[in-house]
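> how would this look folded up:
(one chain, ligands or ions: 1)
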Amino acid sequence: MSESRSANAGLARELLRPQFRGMSAYGAPQLDVPVRLNTNENAFDLPAVVVRSIVEAIEAEAVTLNRYPDREFTELRTSLASYLEQQAGVRLPIEMLWAANGSNEVLQHILMAYGGPDRTALGFVPSYSMHELISLATGTRWVSGERDEHFDLAADAAAQQVREHDPDVVFLCSPNNPTGTAMAPEVISTVLETSRGIVVVDEAYFEFARPGTPSALQLLAENPRLIVSRTMSKAFAFAGARVGYLAADPAIVDGLRLVRLPYHLSTLTQAAANAAIAHSDILLSNVAALKAERDRIVDTLARWGLEPVPSDSNFVLFGGLDDAQATWQALLDRGVLIRDVGIPGHLRVNAGTPEETTAFLDALADALGFDGSLAG
Ligand SMILES: *Cc1c(COP(=O)(O)O)cnc(C)c1O
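Residues are numbered from 1 along each chain as shown. This next block holds a predicted model:
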């Protein structure tokens with residue numbers, strides 16, 4: 001049995017598209033530990049009033065499940081447009097909105113329509129690793145651009161790399177995952193001016209940005225090659241439902257209709273998302289609490305002599321560790337799961353509930369021999 005299993009593994013490897021051979025799948029560990037701060041989820045459960053609305057919405061739609069869903073998810077696009085108007089002050093017609101099962105699928109639609117074989121995507125690493133993985137999965141050539149030693153990207157450095165690689169798609173992640181910092185607006189406008197292709201600004205964490213950070217949504221009116229992607233997975237506390245969306249010129253959105261699977265957003269997903277967006281005030285009320293926990297992590301780690309990176313998101317990347325892997329394991333041994341993002345000397349941690357954040361700080365103080373009484 002085990003012999004044929006390993007023979008089959010060899011066969012599968014041969015049959016696999018060459019660019020995937022030897023790669024390992026995306027996979028933050030899903031471990032059953034008391035404190036999970038490794039995938040940038042929203043730490044707070046959904047409030048009962050929102051749960052009730054979602055259940056009622058799904059119950060009302062269940063009888064229609066013999067029919068395919070609204071292929072154009074018109075109500076969802078209307079809900080998202082009103083949310084963006086309220087959150088970002090940008091009023092968009094629903095023809096400029098698109099949604100899919102998580103912004104990962106949104107990104108996949110973008111690359112299927114505007115990337116692909118013989119085309120190049122450029123991103124500035126370290127950044128969200130799925131930009132590269134989805135590029136490869138769609139046959140798009142991937143180029144890893146560079147940031148400076150503080151993980152910042154200056155406008156002239158971005159422009160120079162765009163000129164050098166002449167990409168069909170550029171990914172800008174703001175606030176950036178895994179570093180946490182929002183991009184200076186000049187970087188986005190300079191990349192738009194220098195490039196000839198699609199510019200994707202991934203704003204998955206935008207709701208957590210520090211006050212005064214402008215959204216790229218403001219630039220949509222003058223930039224028909226710009227796509228701004230967002231998600232309900234983080235600030236909205238809706239990761240389990242899988243709903244991401246984007247805003248772009250209606251002609252760009254039309255291109256996505258060519259590559260999506262028919263009826264890609266289920267009736268249940270649409271109903272749940274509409275019910276959740278109707279409660280956006282309640283769902284987003286925890287954003288302020290998470291920002292306060294994030295700032296507590298940054299302040300405490302800096303006081304301990306570690307090197308937290310300034311954060312506009314719900315997580316903190318911190319350096320100054322002698323052995324990041326050993327610290328990661330020491331935290332896990334103490335029941336706290338955070339993320340090793342593969343940057344030497346660095347780890348990434350989510351802002352949790354106040355209790356979870358304290359548990360992380362206590363565990364880290366214990367693991368590294370700091371005085372935990374300073375963790376406030
Ligand atoms: C979490 C994340 C996403 C998307 O996640 P979905 O759950 O697929 O919506 C997109 N971009 C970045 C940078 C992220 O960190």
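> With adjacent residues omitted, what lies nearest to residue 171?
Leaving aside its chain neighbours, residue 171 sits nearest to residue 123 (3.9 Å; criterion: Cβ to Cβ, 6 or more residues apart in numbering). For the C-beta atoms, the positions are set from N, CA and C on the backbone; glycine is no exception.
> Next up, phi/psi of the one you found, please.
Note on residue 123: its backbone torsions stand at phi -130, psi 160 [degrees, to the nearest 10].
> Report the beta-bridge partners for it.
Going by DSSP bridges, residue 123 is paired in beta bridges with residue 144, residue 171.
> Touching, it and residue 146? I think so.
No: using Cβ atoms under 8 Å, residue 123 makes no contact with residue 146, being 10.5 Å away.
> higher neighbour count, the two?
Shown here are residue 123 and residue 146; by other Cβ atoms under 10 Å, residue 123 has more neighbours (23 against 11).
> near the ligand, which residues of this protein?
The interface of the chain toward the ligand, taken as Cβ under 6 Å from any ligand atom, is made up of 40, 102-104, 128, 173, 177, 202, 204, 231, 233, 239, 244.
> and those, which of them are in strands?
The members of the residues of the chain next to the ligand that map onto strands under DSSP state E are 173, 202, 231, 244.
> Mind picking the one among these that's closest to residue 212?
Distances from residue 212 to those, taken as Cβ to Cβ, are shortest for residue 173 (19.1 Å).
> is it fair to say residue 318 lies in a strand?
Yes: under DSSP: H, G, I helix; E, B strand; the rest coil, residue 318 sits within a strand.
> Please tell me how far it sits from the ligand.
Residue 318 is 17 Å from the ligand, where distance means Cβ to the nearest ligand atom, to the nearest Å.
> what residues are up against that residue?
297, 301, 306, 307, 308, 309, 346, 347, 348, 349 (Cβ atoms under 8 Å, 6 or more residues apart in numbering).
> Could you pick out which of the residues you listed are located in helices?
Among the contacts of residue 318, the members falling in helices (DSSP state H) are 297, 301.
> Can you select the buried ones from the contacts of residue 318 in PyMOL?
Buried residues within those, by 16 or more other Cβ atoms under 10 Å, are selected in PyMOL with:
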select buried, resi 297+301+306+308+309+346+347+348+349
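> What is the burial count for the residue lying closest to residue 39 once chain neighbours are set aside?
Excluding its sequence neighbours, the residue lying closest to residue 39 (Cβ to Cβ, 6+ apart) is residue 28, at 5.1 Å. Counted with other Cβ under 10 Å, residues neighbouring residue 28 total 13.
> So what's the residue count around the residue lying closest to residue 209 once chain neighbours are set aside?
The shortest distance from residue 209 to any non-neighbouring residue, by Cβ to Cβ, 6+ apart, is to residue 312 (4.0 Å). Per other Cβ under 10 Å, the neighbour tally for residue 312 reads 21.
> can you tell me the helix or strand for residue 312?
Using DSSP states H and E, residue 312 maps to neither a helix nor a strand.
> The stretch 51-200 of the chain: helices as residue ranges?
Assigned by DSSP state H, counting those that start in this stretch, the stretch 51-200 of the chain shows helices spanning 74-88, 102-114, 129-137, 155-165, 185-194.
> For the first one, output the C-alpha coordinates as CSV.
Coordinates of the C-alpha atoms in helix 74-88 are reproduced here as CSV (Å, rounded to 0.1, in the frame of the first residue of the first chain):
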residue,chain,number,x,y,z
THR,A,74,-26.7,43.1,-7.8
GLU,A,75,-27.8,43.5,-4.2
LEU,A,76,-24.4,42.7,-2.9
ARG,A,77,-22.7,45.2,-5.2
THR,A,78,-25.3,47.8,-4.1
SER,A,79,-24.5,47.0,-0.4
LEU,A,80,-20.8,47.3,-1.0
ALA,A,81,-21.2,50.6,-2.9
SER,A,82,-23.0,52.1,0.0
TYR,A,83,-20.5,50.7,2.5
LEU,A,84,-17.6,52.3,0.5
GLU,A,85,-19.4,55.6,0.3
GLN,A,86,-19.9,55.6,4.1
GLN,A,87,-16.4,54.3,4.9
ALA,A,88,-14.2,56.0,2.3
